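Got a sequence here, can you build the structure:
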Amino acid sequence: MTDDFEPLTQSVRRLIDVTIRSEVGNAAAAEAKAHIDKAVELLSAELMPGSYGVRAAADGRPTALGNVLIGARNAIAPPLVIHHAPEGSVHTEFELGAAYEGPAGHVHGGVCALILDHVLAAPAHRPDAPAVTGTITVRYVRPTRLGRLRAEAWVDRVEGAKTYVVGHIADAEGATVEASGVFIRPKRR
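Below is the predicted model of the structure:
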């Protein structure tokens with residue numbers, strides 16, 4: 001079994017998008033369903049039990065291929081690619097289309113909160129000292145249009161086991177959603 005499912009995942013992402021936006025007739029929709037059902041049958045020949053979880057990549061590093069935001073095998077993941085700057089901040093640029101719509105033409109607020117939870121955790125998390133979300137506060141500045149976006153986050157301060165992080169999602173006109181979070185390093189057992 002190869003771990004290079006990315007082309008398949010990209011095709012499924014396109015399928016989700018065109019399923020939402022398609023205006024073909026019922027006959028074409030029925031024919032497409034038959035093809036999809038055949039693909040499901042083919043891919044179901046060998047299934048692992050449960051979720052994908054975290055596995056080792058070819059280079060030995062852990063990877064979460066099923067993750068809802070970064071998973072290379074998860075067709076609903078945008079997917080986010082987190083870039084770490086030397087001073088500790090992070091950013092990601094991504095595009096959200098029809099699959100993420102809430103109000104017409106705009107990103108669902110819950111999707112924005114999900115993205116910010118993940119992005120704010122990135123500067124708080126360290127391989128030798130993972131951090132988990134304690135709280136996150138989201139402030140919607142203005143509607144977030146579907147399309148090209150950027151999320152950024154940075155550490156505001158650290159107090160013991162708590163790391164306070166702030167960040168935002170922005171479009172070409174500036175911030176649309178701002179957030180702050182407290183990320184906690186659990187005690188080692």
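
Need the three-state assignment for the closest residue to Glu6 other than its chain neighbours.
Using C-beta to C-beta, 6 or more residues apart in numbering and skipping residues adjacent in sequence, the residue nearest Glu6 is Ala72, 5.3 Å away. Where you see a C-beta, it was placed from the backbone N, CA and C, and this is true even at glycine. Using DSSP: H, G, I helix; E, B strand; the rest coil, the secondary structure recorded for Ala72 is coil.

before we move on, what about the one 5 residues further on?
With three-state DSSP as the basis, the three-state label of Ala77 is coil.

Tell me the helix or strand right after the top strand by length along the chain.
With secondary structure taken from DSSP state E, the chain has its longest strand at strand 147-159. The element immediately downstream of strand 147-159 (helix or strand, assigned by DSSP states H and E) is strand 162-171.

List the strands paired with that following strand, with their directions.
Using DSSP bridges, the strands paired with strand 162-171 in its sheet are strand 147-159 (antiparallel), strand 174-184 (antiparallel).

what's next to the last one, contact-wise?
It stands for strand 174-184. Strand 174-184 is touched from outside by 109, 112-113, 116-117, 120-121, 124-125, 131-145, 149, 156, 161-170, with contacts defined as C-beta atoms under 8 Å, 6 or more residues apart in numbering.

phi, psi of Thr144?
Dihedral pair for Thr144: phi -100, psi 110, per degrees, to the nearest 10.

Give me the neighbour count for it.
Other residues near Thr144 number 25, with proximity taken as other C-beta atoms under 10 Å.
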